[in-house]
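Q: Sharing a model that was predicted from the sequence below.
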Amino acid sequence: MKFYYLIAAYNEELVLEKTIRELEPLVQKYPGSEVFLLVNGSNDKTWDIAQKLAKDFHPWVSSFQNHEKGMGVAYKRGLQELKKRFLDKDSWVVFTASDLPFGFSDLDSFIKLGSQAWKENVLFVGSKRHPLSEVQRNWKRRLGSAVFEMARLLILKIKTKDTQGTLFLRGDQISVQERLHSNDYFITVELVYFSERTGKVVEMPVQLRPEFRSSKISILKDGYKSLLQLLRFRQRMKAPGNER
C-alpha cells in the first residue's frame, strides 16, 4: 500500500518543515509513498522552503508551484502529476491541510477499517462530524459547518456530513480530476459529490489538534459565497452530459 499526500500550501513557511518531519516515519512504513508540496499563490518564503525540502528529502518529497492562489488550484495540480504515476487500487491519494490538523488519527482510522472496506469504497473522509470524533472548535466554526452541511444536503443531496476533513481517494479514481472545476476549498465538495455517485463514501473518526491560529471564516461572507457555489454547481450538473 502506498500513500500520496497532497499538501496545499499557501503562505505556510512556518509549518512545512515540521509537517515533512512528521510524515517521514509514514513513508518509511509504507515504502513508495510520496508527499507533494503544492504551493499556490504564496507571497512569503513557502516556495523556497518547499524546494529545499524536496531536495533534502528526495525522492519522496516533490514541490510544485502555481502562481494562482487556491486550494483547488493546488489539488488539481497534484492530481495532474499523479496521473503520470498510473495509480491502482492499492494506492491512496490523501488530501489534507499543511499542518496535519488531525495528526495521524485519520490514517489510524483508515487502517483499522481493513482491506475489505478499502475494496468496497472509493473515498474515506476523516470527519469532524463522526460521532466518535474528538473535536473542540469555537461556536463560529461549528455554526458555519452546520449551515453548510444542511445546504449541501438540500441542494446537492450530499449525504457525507463533513466534506472538509481529510480525504482518502482510491488510486483508481483519480480520473475524477477531469470533472473538478473549483479553484478554492469547494473542490472537496466536488470530490465528495462525484464519489458518492460512483461508489461508496465512508466517514471516519478523528482527533482534532488544538488550533494554533484563529479562524478566518466570516459566517455572512463565506456563507453567502458557499451558497452561490452550491447553486452554480447544481446548475452545472443539470446541464446535458453532466447528469452522472
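A: That came through, no problem.
Q: hey, where'd the strands end up in this protein?
A: Under the criterion DSSP state E, the chain contains strands at 2-9, 34-40, 61-66, 91-97, 123-126, 166-170, 201-204.
Q: okay if I get those strands as JSON lines plus mean neighbour count and mean pLDDT?
A: (Glycine included, C-beta is placed from N, CA and C.) Formatted as JSON lines, the strands of the chain follow (neighbours: other CB atoms under 10 Å; pLDDT from 0 to 100):
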{"stretch": "strand 2-9", "mean neighbour count": "24", "mean pLDDT": "97"}
{"stretch": "strand 34-40", "mean neighbour count": "25", "mean pLDDT": "97"}
{"stretch": "strand 61-66", "mean neighbour count": "19", "mean pLDDT": "97"}
{"stretch": "strand 91-97", "mean neighbour count": "23", "mean pLDDT": "97"}
{"stretch": "strand 123-126", "mean neighbour count": "28", "mean pLDDT": "98"}
{"stretch": "strand 166-170", "mean neighbour count": "25", "mean pLDDT": "98"}
{"stretch": "strand 201-204", "mean neighbour count": "22", "mean pLDDT": "98"}
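Q: Distance to residue 223 for these - can I get that in CSV?
A: Listed next are the strands of the chain as CSV, based on distance: least, CB to CB, whole Å:
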stretch, distance to residue 223
strand 2-9, 22
strand 34-40, 24
strand 61-66, 27
strand 91-97, 21
strand 123-126, 22
strand 166-170, 22
strand 201-204, 23
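Q: and of those strands, who's closest to residue 80?
A: Residue 80 lies closest, by CB to CB, to one member of the strands of the chain: strand 61-66, at 9.2 Å.
Q: Within its sheet, name the partner strands of that closest one and how each one runs.
A: With DSSP bridges as the test, strand 61-66 is paired with strand 34-40 (parallel).
Q: Run through who's touching the partner strand.
A: By CB atoms under 8 Å, 6 or more residues apart in numbering, the residues outside strand 34-40 that reach it are 2-10, 16, 20, 23, 27, 46-47, 50, 53-54, 57, 59-66, 68-71, 73-75, 77-78, 81-82.
Q: Just the CA atoms of that strand, as CSV, please.
A: The C-alpha trace of strand 34-40 is given here as CSV (Å, rounded to 0.1, in the frame of the first residue of the first chain):
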residue,chain,number,x,y,z
GLU,A,34,5.2,10.3,-1.6
VAL,A,35,4.4,13.9,-0.5
PHE,A,36,3.6,16.6,-2.9
LEU,A,37,4.1,20.2,-1.7
LEU,A,38,1.7,22.2,-3.8
VAL,A,39,2.5,25.9,-3.4
ASN,A,40,-0.2,28.2,-4.6
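Q: Run the angle between that strand and strand 2-9 for me.
A: Angle, strand 34-40 to strand 2-9, by axes from the mean of the first three to the mean of the last three CA atoms, to 10 degrees: 20 degrees.
Q: starting at the chain centroid, how far to strand 34-40?
A: Taking CA atoms, centre = their mean, to the nearest Å, one finds strand 34-40 lying 12 Å from the centre of the chain it belongs to.
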